[in-house]
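Peer 1: below is the sequence, then the predicted model.
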Amino acid sequence: MNDDVTLREVRQSDLETFFEDQIDPEATRMAAFPSRDRAAFMAHWEKCMGDPSCILRTVLLGGEVAGNVVSWAQGGEQKVGYWIGRAHWGKGVATAALSQLLATLRVRPLVAHVAKHNVGSIRVLRKCGFTITGEDHASLPDGAIVEDHVMTLFEEAPVDERS
């Protein structure tokens, strides 16, 4: 695991990095989640930051903002998600960040949706104890349909470093 990864509360000053990360075309392709324009992005984060039921953490790598990890209630489920800047992919950042959040977030089950083609993110979720429990799909603004795995964490599980 990456010991240089830490989490802290999201600050307003983090949002510019988050915005830049979510407009990266490769990141949006992997996440199969369309980027937002600046106004929509900032409005979304302001809403989330004002909602005490949302758990929002900035992911730091060696003190540098590397992304975010979040949890929120939706449709009767507790969801979890993360977005790591592409410059930090492949370094264990997502696994370390998610495992740290899971250590403090005791709600179970937790549910994540991940595009079936996002092998890296599926691997992160599996390392953190999530299993594939279903399938879903989403329609993107351009009309494309994205096939998702629904992955669920039912109980606390140790991070599997071997996967």
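Peer 2: Noted; the coordinates are in hand. Numbers count the residues shown, from 1 in each chain.
Peer 1: use CA for all of it now, contacts and neighbours both
Peer 2: Noted.
Peer 1: how about the host helix or strand of residue 70: buried residues?
Peer 2: In this assignment (DSSP states H and E), residue 70 forms part of strand 64-74. When neighbours are counted by 16 or more other Cα atoms under 10 Å, the buried residues of strand 64-74 are found to be 65, 66, 67, 68, 69, 70, 71, 72.
Peer 1: reformat these as CSV; add distance to residue 130 and pLDDT.
Peer 2: Converted to CSV, the buried residues of strand 64-74 look like this (distance: Cα to Cα, whole Å; pLDDT from 0 to 100):
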residue, distance to residue 130, pLDDT
65, 25, 98
66, 23, 98
67, 21, 98
68, 19, 98
69, 16, 98
70, 16, 98
71, 15, 98
72, 17, 96
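Peer 1: residue 95: which of those is nearest?
Peer 2: Using Cα to Cα, the shortest approach to residue 95 within those belongs to residue 69, at 10.4 Å.
Peer 1: what sits against that closest one?
Peer 2: For residue 69, the set of contacting residues under the criterion of Cα atoms under 8 Å, 6 or more residues apart in numbering consists of 56, 57, 58, 59, 80, 81, 82, 83, 97, 98, 101.
Peer 1: thinking again about what came up before, kindly reformat the buried residues of strand 64-74 as a markdown table containing distance to residue 37.
Peer 2: Below are these laid out as a markdown table (distance: Cα to Cα, whole Å):
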| residue | distance to residue 37 |
| --- | --- |
| 65 | 21 |
| 66 | 20 |
| 67 | 18 |
| 68 | 18 |
| 69 | 20 |
| 70 | 20 |
| 71 | 22 |
| 72 | 22 |
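Peer 1: just the element for the nearest residue in space to residue 85 that is not next to it in sequence, please.
Peer 2: When the adjacent residues along the chain are set aside, residue 85 lies closest to residue 21, with 5.1 Å between them (Cα to Cα, 6 or more residues apart in numbering). Secondary-structure assignment from DSSP H and E places residue 21 in helix 15-22.
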